[in-house]
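A.B. asks: give me coordinates for this.
(one chain, ligands or ions: 1)
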Amino acid sequence: MTGITDSGPLTCDACGETVDPADAIRRETMGDLDPTTWQTLCCPTCGGRLKTVYVGDE
Ligand SMILES: [Zn+2]
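C.D. replies: A predicted model of the protein is given here:
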């Protein structure tokens, strides 16, 4: 399993910002996924969802 910061910069579809995964805002996922193993990375500029990531190995 690759870590969050191994994926490289993410691009926000909403505002076009390039976001380093380490700078992204982490939120609980919208679905019924376990929040201790899955988190949503959100854009620090506009708050848009960037990616849902597995964090169970952290
Ligand atoms: Zn954004």
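
A.B. asks: pLDDT of stretch 35-47, averaged?
C.D. replies: The pLDDT scores in stretch 35-47 average 95.

A.B. asks: can you check stretch 50-57 too?
C.D. replies: So the average pLDDT for stretch 50-57 ends up being 89.

A.B. asks: give me the element the most centrally placed residue in the chain is part of.
C.D. replies: The residue lying closest to the centre of the chain (CA atoms, centre = their mean) is residue 41, at 1.9 Å. In this assignment (DSSP states H and E), residue 41 forms part of strand 38-42.

A.B. asks: for the residue of the chain most remote from its centre, helix, strand, or coil?
C.D. replies: Ranked by distance from the centre of the chain (CA atoms, centre = their mean), the top residue is residue 32, with 16.4 Å. Here residue 32 is recorded as coil under DSSP: H, G, I helix; E, B strand; the rest coil.

A.B. asks: quick one: pLDDT of it?
C.D. replies: Residue 32 is given a pLDDT of 88.

A.B. asks: for the residue nearest to the centre of the chain, give its distance to the ion.
C.D. replies: To the ion, residue 41 is 11 Å away according to CB to the ion, to the nearest Å. To be clear about C-beta, it is placed using only N, CA and C from the backbone, and glycine gets the same treatment.

A.B. asks: same question for residue 52.
C.D. replies: 16 Å.

A.B. asks: wouldn't that residue be in contact with residue 41 here?
C.D. replies: Yes: using CB atoms under 8 Å, residue 52 is in contact with residue 41, at 7.5 Å.

A.B. asks: sorry, back to before: so how far is the strand holding residue 41 off the chain centroid?
C.D. replies: The chain centre lies 4 Å from the centre of strand 38-42; the measure is CA atoms, centre = their mean, to the nearest Å.

A.B. asks: which outside residues touch it?
C.D. replies: 4, 10, 19, 21, 24-30, 48-56 (CB atoms under 8 Å, 6 or more residues apart in numbering).

A.B. asks: buried ones among the residues you listed?
C.D. replies: Burial by neighbour count, judged by 16 or more other CB atoms under 10 Å, picks out 4, 10, 19, 21, 24-25, 49-50, 53, 55 from these.
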